[in-house]
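J.: could you look at this predicted model? Sequence included:
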Amino acid sequence: MYFTIEPKSDIKDFFNYRSEYREIKRSLKRGEKIISLIGVRRVGKTSLLNVLYHELKGLKVWIDGRIISNPKNEIFSMIYDVVREKRSKIFGKIESVNISVGHIGLEVKRFREMNLITMEKTINKSGMIYVFIDEAQRMNSRELANILSYFYDRVPNVSFIISGSEIGLIEDVLGEDKPEHPLFGRHVLKLEMKRLDKEKSMEYLISGFQQVDFRVSEEEIDYVIDELDGLIGWLTLYGYERAVLRNKDALKKTKTLATQIVVTELRNFLRRVKNRKLYITILRNANGVTWSQLHAYVNRDMKKHVNPNTLTRAIESLTRYSFLTKEGNIYLRPDPMILDATFLIS
């Protein structure tokens, strides 16, 4: 069923993105060592990884990037732990649209440091191992790049599938033509999951309602898509509220919950910056504008002239953390809930 809020684990419940699904499976079959799946928040990356995790044969490790403080020791130890016990494990949580749907697997252990050479020999003697790292950008990017490089060069039977929604940070992990980067010269397959277009969004909602034999007018669906855009996470939450819980105020409930989630994400980001007002002003005006237009609007709302370099640095930071996207020379908010969230930030 499409309208479930937990991450999908069966391909029949996973809408669209078949080309990405098939490409990852083909790539693993031919022995790709590092596969990166990127996309803005709420496009279904975690569900796609979860489907693959449940389908692939052999030993598997699922790592929630938010729980890792020392990638070298902890990732190595987690893989070793799976090999030693000869069973797949999930470290952390698998979550959908950032709503916890329960703990799967075991709680994170505090691994004692072991001899890496000993662990490497043990891992090399096992069969194929697939390591899934969700929200990889939450880790120290340099340390994660180092451990990926180490396994790439020395442990041929381990493949990594990593995902992240803060696209600029994931690019830091993978490196882009930087000779000094740990992964320079090593092949990394990069795939991007994009939001659903209006036609696909319509198809998704109609199909989801048909699955549970629930009737909704096309006018309502059309309005919902305009409000939630093509982010399958929000569309799923709406479908769950409307068809499963039979909530007549499903759209209002969805937008309220979605905005609360985005407020939390944005607040966490703004803790890192000095001029919160500048960043919030940029987000409020980034509704399909060029840099020059955005500069003019920001100057107007800030009631002063903002240094162009200061504006550019702020825009780049928002883009790196996926609170802004750039299409051609146009800047956009990737999530319709971001605008409402800027008015609720305290």
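T.: Looks like it came in fine.

J.: pLDDT of stretch 10-30, averaged?
T.: Per-residue pLDDT over stretch 10-30 has a mean of 94.

J.: what's the answer for stretch 322-335, then?
T.: Per-residue scores along stretch 322-335 average to 96.

J.: make 21 the first number, not 1, from now on.
T.: Understood, numbering begins at 21; the last thing we discussed is stretch 342-355.

J.: restricting to C-alpha, output it in CSV.
T.: Provided in CSV are the C-alpha atoms of stretch 342-355 (Å, rounded to 0.1, in the frame of the first residue of the first chain):
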residue,chain,number,x,y,z
SER,A,342,19.3,21.9,0.5
PHE,A,343,17.1,24.8,1.8
LEU,A,344,17.5,26.4,-1.6
THR,A,345,17.8,24.9,-5.0
LYS,A,346,19.2,26.5,-8.2
GLU,A,347,17.7,25.7,-11.6
GLY,A,348,19.6,27.5,-14.3
ASN,A,349,20.0,31.0,-12.8
ILE,A,350,16.8,30.8,-10.8
TYR,A,351,16.7,30.2,-7.0
LEU,A,352,13.7,28.3,-5.5
ARG,A,353,12.6,26.8,-2.2
PRO,A,354,12.7,23.0,-2.7
ASP,A,355,9.9,22.5,-0.1
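
J.: tell me which residues are up against it.
T.: Residues from elsewhere that reach stretch 342-355, judged by Cβ atoms under 8 Å, 6 or more residues apart in numbering: 60-62, 185-188, 215, 249, 251, 282, 286, 289, 302-303, 306-311, 314, 335, 338-339, 358-359. (Glycine included, C-beta is placed from N, CA and C.)

J.: tell me the buried residues within these.
T.: Buried members of the contacts of stretch 342-355, scored by 16 or more other Cβ atoms under 10 Å, are 60-62, 185-188, 215, 249, 251, 282, 286, 289, 302-303, 306, 309, 314, 335, 338-339, 358-359.

J.: mind checking which of the contacts of stretch 342-355 land in strands?
T.: 307, 308, 309 (DSSP state E).

J.: any chance of these in CSV, plus pLDDT and distance to residue 37?
T.: Below are those laid out as CSV (pLDDT from 0 to 100; distance: Cβ to Cβ, whole Å):
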residue, pLDDT, distance to residue 37
307, 95, 27
308, 96, 25
309, 98, 30
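
J.: no more questions from me, cheers.
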